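Engineer: fold the following and give me the result.
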Amino acid sequence: MAMLPRRFASLAVAGFLAVTCFDMVTGLEHWPFGSYPMYSGLYGEQLDLPRLYGVRDGAELALRGDSDFAPFDEARLIMALERLQRARGGEQKLDEALRNLMGLYNRRNAPGGPIRALRLYNVHVTPRPGLQGLGARQERTLIAQVGP
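Structural biologist: Modelled structure (predicted):
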């Protein structure tokens, strides 16, 4: 009788280790087996961050995932757009995703009217010391645009 619990415990530990190793090798994350990559990187003095901007009447306005594209939060939205960029056929997939996001924004936010274009920029910023946020925007590079 004592062998059955011991075998079960051994299989459970082996399964946990197998999933953890699989996640580490593939770079995927299956909670609670993941490597928690959010805290595993060091950032330099300069950061390149993807940011979304809407175009309305010739003027650009910065858009945030949390408020402008709910239920998508900004961190996951930007991560998904970065993955689409790197994927095979990524340019086409990224354009489709941006069109869907523009449609979502236009359906949900009417105060200033619909946006006519959606642009994804790579924004070069300098972090402030002591985790006090990001400094002023320094330079932007257009990655993709949908709309006129």
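
Engineer: does residue 88 count as helix, strand or coil?
Structural biologist: coil (DSSP: H, G, I helix; E, B strand; the rest coil).

Engineer: number of nearby residues for it?
Structural biologist: 6 (other Cβ atoms under 10 Å). The way it works is simple: take the backbone N, C-alpha and C, and place the C-beta from them, glycine included.

Engineer: torsion angles phi and psi at it?
Structural biologist: Recorded main-chain torsions at residue 88 are phi -70, psi 130, according to degrees, to the nearest 10.

Engineer: what's the separation between it and residue 98?
Structural biologist: 18 Å (Cβ to Cβ, to the nearest Å).

Engineer: same check, this time on residue 5
Structural biologist: From residue 5 to residue 98 the distance is 54 Å (Cβ to Cβ).

Engineer: more neighbours: which of the two?
Structural biologist: Taking neighbours as other Cβ under 10 Å, residue 5 and residue 98 compare with residue 98 leading, 22 against 9.

Engineer: that one against residue 143, yeah?
Structural biologist: No - Residue 98 lies out of contact with residue 143 (Cβ atoms under 8 Å); the separation is 9.7 Å.

Engineer: what do these two both touch?
Structural biologist: Residues touching both residue 98 and residue 143 (Cβ atoms under 8 Å, 6 or more residues apart in numbering) are residue 120.

Engineer: hang on, residue 48 in a strand?
Structural biologist: Yes - counting by three-state DSSP, residue 48 is located in a strand.

Engineer: and it, what is it in contact with?
Structural biologist: Residue 48 is in contact with 122, 123, 124, 125, counting by Cβ under 8 Å, 6+ apart.

Engineer: bridged to the last one, which residues?
Structural biologist: To tie it back to what came earlier, the one meant is residue 125. residue 47 (DSSP bridges).
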